[in-house]
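[1] Provided below are the primary sequence and the corresponding predicted coordinates.
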Amino acid sequence: MLDWLAIDWVLLVIAIWLGVGLAGLFALRRFSFVARILFPLGSMGGLILAATAAFAIADDVQVAILPLGLPQLPFHLRLDALAAFFLFIIGAASAGISAFAAGYFRKGEGTPPGLLCLEYHFFLAAMALVVLADDAYAFMVAWETMALASFFLVTANHKVPEIRQAGFLYLLIAHVGALAILLCFGVLQANSGNYSFAGMRAQTLSPFWASAAFLLATLGFGAKAGMLPLHVWLPEAHPAAPSPVSALMSGVMLKTAIYGLLRVCFDLLHMQLWWWGVALLSLGLATALFGVVFATAQSDMKRLLAYSSIENIGLLLAAIGLGLIFKAYGMAILAALALTACLYHVASHAFFKSLLFLGTGAVLHATNERSLGHLGGLMRYMPWVAWLMLIGALTSSGLPPFSGFVSEWLLLQSFLFTPGLPDPFLNMLIPIVAAAIALIAALAAYAMVKFFGVIFLGQPREEKLRDAHDADFLEKLGMIWLAAWCIGLGLFPTLMIRFIDPVTRVLVGHGLGASATHWWLLAPTSIERASYGPLFFLLGVFACLSLAYLLVRLLYHGRLRRAAPWDCGHPWQTERMQDTAEGFGQPIRQIFEPFFRLERHLPLPSDKQPVYRVVVSDHFWHRLYLPLARLVERLARQIGRLQQGRIAIYLLYSFLTLLFMLMLVPR
Amino acid sequence: MTISGTLSQLLAIFTALVVAPLLLGWVNQCRAWLQNRSGPGLFQPYRMLNKLFNKESVVAETASPLFRIAPYVVFGCMLLSCGIVPTLSTDLPLSPAADAIALVGLFAMARVFISLAAMDIGTAFGSLGARREMLIGFLAEPALLMVLFTSSLISQSTALTGIVEHMVHKDLAIYPSLAFAGIAFSMVSFAENARVPIDNPTTHLELTMIHEALILEYSGRHLALLEWAAALKLFAYSCIGLALFLPWGIAEAQDPMTLLFALPAMLIKLAIGGALLALIETLSAKMRIFRVPEFLATAFLLAVIGMLVHFLLGA
């Protein structure tokens, strides 16, 4: 086994996952076997994958051909730095999520545990294969397996009608996206009939066809990633799934779409045009702003996180767009900076979003509540989950010294270099885009304060919350693993940047690894220009903090008395007087009113039982999707007239078609 | 890291600790004079802090550990920010650890912690304060970043010391972009430091308070730390303004002797700035909370105009 190549190890892990899944099928209802043996095994697989990928990222490209698939078209697999980076994300994040899942899945919840185990591990294996695939056929097979496995996971609790609807919507949009990707590959092979990625790289397309391929790829991968206006499935499907699956979908699956976009734009296409970047940048920013504004208005904790995922995907798309612009103008170093920001955020988002979703799972199990309006005060009853979630929430808000800040910092730095672009229009526009990024980051902090504050702080809004219990050992272990990555990536950015270096070399031919000479100081271009040293930063805060603590204790005293809350002397207060989730989001609803479609029911003074109700929904759904659905239905009804249900008429159709075809045949 | 660098770093932090309450006392004194009162004296904030440190802390029964940690975190963040901003000298060993963007992140960190702590007790006013603080925060942060970006585009650096060194050496010409940025920055500072057009630091009228609502449940040493942190924040913002727009007098790395002149220069600039702040506060009325977004959007647009002017005129 010692002379195995990295790609063999990756295949081994995929085989382990498939095997674990099949084992689940044979132990359909043996709950403890599935939970205590199979899921931890899957978690081990994730660890092996992450370690392998970490070693393979700086290695040479490795290829393998699996004797599967069509006779003329076996599966081509290829492990390069880009694939290794995403395999690392899949492995490291899934290791934590699987450990959590081992403690999470309970008896008697919808789908039997063995079946869940099968779907879950096939989902993991499919994601790894997507990243590894080196021809369009293998890619599409893995892509569809991923979509189907996740569809079944989303509908695990299929007895609830809303969940079935969410699953349907997800499947529909996933297939619209898959069609676009298929067409994109069709364009890329340029009539050569060679569907391997190596063949596509060899093609030189005209700018028109290259743009067509780019647009199709944006559409296809954007549908998977939740890009505006194809995002509607995401806030329905991600919350519907069991929490570990939500974590996997939000934290990891969305990243496969980013992977696909990077692969097509920078690797398979031989040219980049500047307007692609502008298009992607604008789409990304619109997506991010939309996502974060909606996140602040949500009152369901998992929906809030799903909208926050839309926001993060928007930021990633914006970073890729910026990379495209720089690449199109031949500024490879700056393109590498933008893409490093993008990849850094991919890693960071994978860990913190998984952590947050897992935390909601723990809360859900402890309280049976998803609605923020019924939660509160859980920090006292679930301290482990609360503190770990605090790390996730702070990372998500982009605060130093956590990992979310590093990627935001890199992104803002790369925007500050845009005045060097040769196009005067662009270099004026783009610093303003940096302001939009700042607004989005600040709003993300708002959403996270709401999320954490309403769930874990304050007083419990329901009596039953006082019986809430903390997560069990395996659940804690999974969350600690993810939280450790949030902190580690935040404190040692130069290590990560050296790790990303070979990936940007594959994409744009340049890397930032050479700049990471000091392990403690992040200075992507030059130290005079900009630098950030999170470790010193943390030590500085810590030194100031402990100095204050010690001086107060030494010079004064540490006396403390517990009393009832003061609250400006109000004599009685109940937990109902705290801000609700709706109340906390109200300022945003007022400021960004045009974003929302509000249905408000206000009580009259004469009402015996006054009811106040606000329903916030999405303009896209009412203005775009419902009219589209009506149109499709009308068309289907028209076409349905062809269906007469009589065999003679169908034979007539066949006969007419035959005649028509014969007419077309050249004599 | 040289010895002189370490010394000037420690001196900067120590100066901040001492001067920050003094600045607050000066502003309050000026306000009192402008309102025809005799005022409590310059050293009232010190007496106040001393009194609060001596008192025991009363903590609500429902408070979680987060509530007790938050004052220290906020104080630590603000003290560090005073150590990063070039107040006296640009020879700061801590400076490479955090540039302008990290400084904004540091302020955001303090804001998030104080807001979370305010929500922790679960009182109506606490969460009201948290919501308003975050509202002002997310509106002010982009504007502040735009201001910092304008100066960093002029000086080709986001390191605060780099910006200041560039600004000191540039010709004494009026930069129109900096004029816009300066106005935007002052507006942001009013909002971030809970000063009058946005918030009233002396109010305890429940419905209008923002900063006071956040720290309503604190007492004793915790309250003292938060008050001191607020003073440090005002000091840090004033010094950012001075460093960006009036950097003359700040000692530079090459020349430790100028450090002797830097302190009086800073004190004079702060005294004038504080008097102006008191004047503006006396002349203006507090605005409704939902006018605040307009106010800060104006600040943001001014900062954006400043940046565009920089691109159009190259200045």
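    Cool, the structure landed.
[2] What is the burial count for residue 232?
    Since you didn't name a chain, this refers to chain A. 19 (other C-beta atoms under 10 Å in any protein chain shown). For every residue, glycine as well, the C-beta is placed using N, CA and C.
[3] could you do chain B instead?
    Neighbours of B:Leu232 (other C-beta under 10 Å): 27.
[4] Now do the contacts for it.
    B:Ala16, B:Leu17, B:Ala20, B:Phe75, B:Met78, B:Leu79, B:Ser81, B:Cys82 (C-beta atoms under 8 Å, 6 or more residues apart in numbering or on different chains).
[5] Can you sort out which of those residues also neighbour chain A?
    B:Phe75, B:Leu79 (C-beta under 8 Å from any C-beta of the partner chain).
[6] Now for the contacts of B:Leu232: which two are most distant?
    B:Leu17 and B:Ser81 (12.5 Å; C-beta to C-beta).
[7] of the two, who's got more company?
    Using other C-beta under 10 Å, the more surrounded residue of B:Leu17 and B:Ser81 is B:Ser81, with 29 against 18.
[8] Wait, a helix at that one?
    Yes - residue state for B:Ser81 (DSSP: H, G, I helix; E, B strand; the rest coil) corresponds to a helix.
[9] I'd like the distance between it and A:Gly398.
    Here B:Ser81 is placed at a distance of 17 Å from A:Gly398 (C-beta to C-beta, to the nearest Å).
[10] where do the strands sit along the stretch 51-200 of chain B?
    B:57-60 (DSSP state E, counting those that start in this stretch).
[11] repeat for chain A
    A:62-69, A:74-79, A:560-563, A:596-601, A:613-618 (DSSP state E).
[12] Out of these, which is closest to chain B?
    strand A:560-563 (5.0 Å; C-beta to the nearest C-beta).
[13] on contacts alone, who are the packing partners of the closest one?
    strand B:57-60 (3 or more C-beta pairs under 8 Å, 6 or more residues apart in numbering or on different chains; DSSP states H and E).
[14] how far does the strand it packs on sit from the chain's center?
    27 Å (C-alpha atoms, centre = their mean, to the nearest Å).
[15] likewise stretch A:290-309?
    13 Å.
[16] CA atoms of it as PDB?
    In PDB, the C-alpha atoms belonging to stretch A:290-309 read as follows (Å, rounded to 0.1, in the frame of the first residue of the first chain):
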ATOM      1  CA  PHE A 290     -30.300  39.800  -1.600                       C
ATOM      2  CA  GLY A 291     -29.200  36.900   0.500                       C
ATOM      3  CA  VAL A 292     -28.000  38.900   3.400                       C
ATOM      4  CA  VAL A 293     -31.000  41.200   3.500                       C
ATOM      5  CA  PHE A 294     -33.400  38.300   3.400                       C
ATOM      6  CA  ALA A 295     -31.300  36.500   6.100                       C
ATOM      7  CA  THR A 296     -31.900  39.400   8.500                       C
ATOM      8  CA  ALA A 297     -35.700  39.200   8.000                       C
ATOM      9  CA  GLN A 298     -36.100  35.400   8.600                       C
ATOM     10  CA  SER A 299     -37.700  34.000  11.700                       C
ATOM     11  CA  ASP A 300     -36.800  30.300  11.000                       C
ATOM     12  CA  MET A 301     -33.200  29.500  12.100                       C
ATOM     13  CA  LYS A 302     -32.400  27.200   9.300                       C
ATOM     14  CA  ARG A 303     -33.900  29.500   6.600                       C
ATOM     15  CA  LEU A 304     -31.800  32.300   8.000                       C
ATOM     16  CA  LEU A 305     -28.700  30.200   7.500                       C
ATOM     17  CA  ALA A 306     -29.800  29.200   4.000                       C
ATOM     18  CA  TYR A 307     -30.100  32.800   3.000                       C
ATOM     19  CA  SER A 308     -26.800  33.500   4.500                       C
ATOM     20  CA  SER A 309     -25.400  30.700   2.300                       C
END
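[17] Quick check: closest non-adjacent residue to B:Leu216.
    B:Phe125 (5.4 Å; C-beta to C-beta, 6 or more residues apart in numbering or on different chains).
[18] picking that back up, now the buried members of the contacts of B:Leu232.
    Among the contacts of B:Leu232, the ones that count as buried by 16 or more other C-beta atoms under 10 Å in any protein chain shown are B:Ala16, B:Leu17, B:Ala20, B:Phe75, B:Met78, B:Leu79, B:Ser81, B:Cys82.
[19] The fifth one and B:Tyr237 touch, don't they?
    No - B:Met78 sits out of contact with B:Tyr237 when judged by C-beta atoms under 8 Å, with a separation of 10.4 Å.
[20] Highest mean neighbour count out of the strands of chain A?
    Burial of the strands of chain A is given as mean neighbour count (mean count of other C-beta atoms under 10 Å in any protein chain shown); strand A:74-79 ranks first at a mean of 22.
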